[in-house]
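**Q** Model the following, please.
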Amino acid sequence: MFDAFIATLPQEWQGIAILVTWLIAWIPEAQSTFIGFIWSLGSGTGTLLSRILLLLPALLVVVAIWSTMLAAYTVPFRSGRREFLTALVMLWWEVGRSIWLYWVGFVRFFWMLIGWAWGLLKLTLSLFTKSIRYVFLTPFAFMDWLGRKYFKPGVPWFAFLLTILWCALESLIFTFALLPLVSEVFFDLSGVEARHVIAPILFFFLFAVITGSYAMVQALAEAMENKNYKQLIQLTIVEFAVMFFEVIFLYRELIDALTPWIASQTGVRLGFFSTLAFASIGWIGIRAMTWFFFARYGTPALIAVVARQTIGVEATPQERPQAPEPDWWRGPINALKAEHEWFRSSARELLELLSLPVLQLLACAVNCATTVIAARSAFKLPFTKLEEVMVQDALSKVLRVRREAYATGQTE
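**A** Numbers count the residues shown, from 1 in each chain. Predicted coordinates for the structure are as follows:
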């Protein structure tokens, strides 16, 4: 590089130019050989690793060599030669220390990255196992919660279960009684035979109708107990409508099934009104027997469950305090919120471990230039945290100190 420049000079100046540049003339060829050797090391992943670990330190060494050789030209013209030469020696100490900390920083970064990945894996496995456990324990937790919320001591849970079972049994009986008629009507309308589809739908429909019938009886009983005559008259009319619907569509079918047996035993064939009378008496008898036996205790509990109201009695001093409910959902959410801060601090730590080694080399290269210019470093190395890098006026401070020192020397 310098040979081509010297060749352009006049013959009488070439000897002086060679003498002036002999301290730095060897650097371009040496740095090309040095950088080319590092660039050609390894293959595949080894090439990438060698370039990451060796290229930046090699460039820093080249910058330090250039700074040292250029600084040698300025030594005869400086006033504080001893301090300046000490700064050059300390500069090479900083170069070596920065390269070593660069390598150590990458080792720390990869080690921390492995630990962070292992922590994430453990957290993922922990969340997965807890999710599986919650899936299997949710039914039991629901039953425990249901028992403590709805079936406290003093609640007629046995009557409640009997009411549910009776409504289900009555729905099942009438499902089999009405299934041929409903299937025939459906076939006439659609032309499709679908008994297996109609049966469960009919069962749930009848279950809702029969439980609603008991709810209507409960409302009528409460109006009678409260002596609310206006509401009592209204509910009585509604109750007759309910009875008419169930007698016409449900109990009549049951009486029709018994008509052949009555005719064979007595010789009497029941007509329309006699069938309705027998069906009405059957409805009143069944409702009365079940109501006074268990439905008057189980129906309020059933209504409270549908309305999501707690069923219970006033606590007595002898009652033991209930255990706290298990926290099934809020606990994992709070744990995730707590982990958010850990992720933020870990991400910042990883950023520091990745950034500081590279920034340390760059800061050392800047120190090489400022040592040549102002005989002092711009950055105090090594960096221990990222905030130390965020110094916007480091160079201006160095130059300002240098100007003040020069002005003081001129004054003296």
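**Q** so residue 55 makes contact with residue 38?
**A** Yes - in terms of Cβ atoms under 8 Å, residue 55 counts as a neighbour of residue 38; the distance is 5.8 Å. Every C-beta, even on glycine, is put in place using the N, C-alpha and C of the backbone.
**Q** These two - which one has more neighbours?
**A** When residue 55 and residue 38 are compared for neighbours, residue 38 comes out ahead with 17 against 14, by other Cβ atoms under 10 Å.
**Q** any idea how far residue 272 is from residue 299?
**A** Shown here: residue 272 relative to residue 299, a distance of 32 Å by Cβ to Cβ, to the nearest Å.
**Q** what about these two, which has more around it?
**A** residue 299 (26 against 8).
**Q** how near is the more buried one to residue 26?
**A** For residue 299, the distance to residue 26 - Cβ to Cβ - is 105 Å.
**Q** Could you do residue 307 as well?
**A** Note on residue 307: its distance to residue 26, by Cβ to Cβ, is 95 Å.
**Q** of those two, who's got more company?
**A** Neighbours of residue 307 and residue 26, each counted by other Cβ under 10 Å, are more numerous for residue 26; the result is 13 against 7.
**Q** Next one: that one, what pLDDT does it get?
**A** Note for residue 26: predicted pLDDT of 79.
**Q** pull the longest helix from this structure.
**A** Using DSSP state H, we find that the single longest helix of the chain is helix 81-150.
**Q** Skipping its backbone neighbours, what lies nearest residue 286 in space?
**A** residue 170 (8.0 Å; Cβ to Cβ, 6 or more residues apart in numbering).
**Q** Helix, strand, or coil at the one you found?
**A** Under the three-state scheme (DSSP: H, G, I helix; E, B strand; the rest coil), the conformation of residue 170 reads as helix.
**Q** how many neighbours does it have?
**A** 20.
**Q** Likewise for the one 3 residues further on?
**A** For residue 173, the count of nearby residues is 14 (other Cβ under 10 Å).
**Q** swap in residue 368?
**A** By other Cβ under 10 Å, 26 other residues sit near residue 368.
**Q** Now do the domain split for this structure, please.
**A** Here the chain is described, according to automatic domain parsing, as comprising the domains 41-131+334-411, 153-312.
**Q** Let me have those domains in TSV, adding mean pLDDT and distance to residue 34 as columns.
**A** Compiled in TSV, these are given as follows (pLDDT from 0 to 100; distance: least, Cβ to Cβ, whole Å):
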stretch	mean pLDDT	distance to residue 34
domain 41-131+334-411	78	6
domain 153-312	84	79
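**Q** Mind putting these into a markdown table with distance to residue 33?
**A** Shown next, in a markdown table, are the domains of the chain (distance: least, Cβ to Cβ, whole Å):
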| stretch | distance to residue 33 |
| --- | --- |
| domain 41-131+334-411 | 11 |
| domain 153-312 | 83 |
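**Q** which ones are touching the nearest residue to residue 31 once chain neighbours are set aside?
**A** In this structure, residue 31 finds its nearest non-sequential neighbour in residue 62, 4.7 Å apart by Cβ to Cβ, 6+ apart. With contacts taken as Cβ atoms under 8 Å, 6 or more residues apart in numbering, residue 62 has the following neighbours: 27, 31, 34-35.
**Q** Check the gap between residue 62 and residue 196 for me.
**A** Counting by Cβ to Cβ, the gap from residue 62 to residue 196 is 86 Å.
**Q** Residue 75 too?
**A** In this structure, residue 75 and residue 196 are separated by 104 Å, where distance is defined by Cβ to Cβ.
**Q** Between those two, which has more neighbouring residues?
**A** In this comparison of residue 75 against residue 196, neighbours counted by other Cβ under 10 Å, the higher total goes to residue 75 at 11 against 8.
**Q** I figured residue 367 hits residue 375, correct?
**A** No - here residue 367 does not reach residue 375: they are 11.3 Å apart, not a contact under Cβ under 8 Å.
**Q** Which one's more surrounded, those two?
**A** Neighbour count, other Cβ under 10 Å: between residue 367 and residue 375, residue 367 has more, with 27 against 22.
**Q** doesn't residue 210 make contact with the residue nearest to residue 286?
**A** Yes - using Cβ under 8 Å, residue 170 is in contact with residue 210, at 5.2 Å.
**Q** Check which residues of stretch 229-242 are buried.
**A** 232, 235, 239, 242 (16 or more other Cβ atoms under 10 Å).
**Q** try stretch 77-90
**A** Buried residues in stretch 77-90, counting neighbours by 16+ other Cβ under 10 Å, are found at 84, 87-88.
**Q** tell me how far it is from the chain's mean position?
**A** Chain-centre distance of stretch 77-90: 59 Å, with Cα atoms, centre = their mean, to the nearest Å.
**Q** what residues does it touch?
**A** When contacts are defined by Cβ under 8 Å, 6+ apart, stretch 77-90 is touched by residues 68, 71, 75, 371, 375-377, 409.
**Q** If we only consider the residues you listed, which is nearest to residue 181?
**A** Taking Cβ to Cβ as the measure, residue 181 sits nearest to residue 377 out of the contacts of stretch 77-90, at 100.3 Å.
**Q** Now do the contacts for that closest one.
**A** With contacts defined as Cβ under 8 Å, 6+ apart, the neighbours of residue 377 are 87, 91, 94, 367, 370-371, 398.
**Q** Recalculate using a threshold of 7 Å.
**A** If you count contacts by Cβ atoms under 7 Å, 6 or more residues apart in numbering, residue 377 has them with 367, 370-371.
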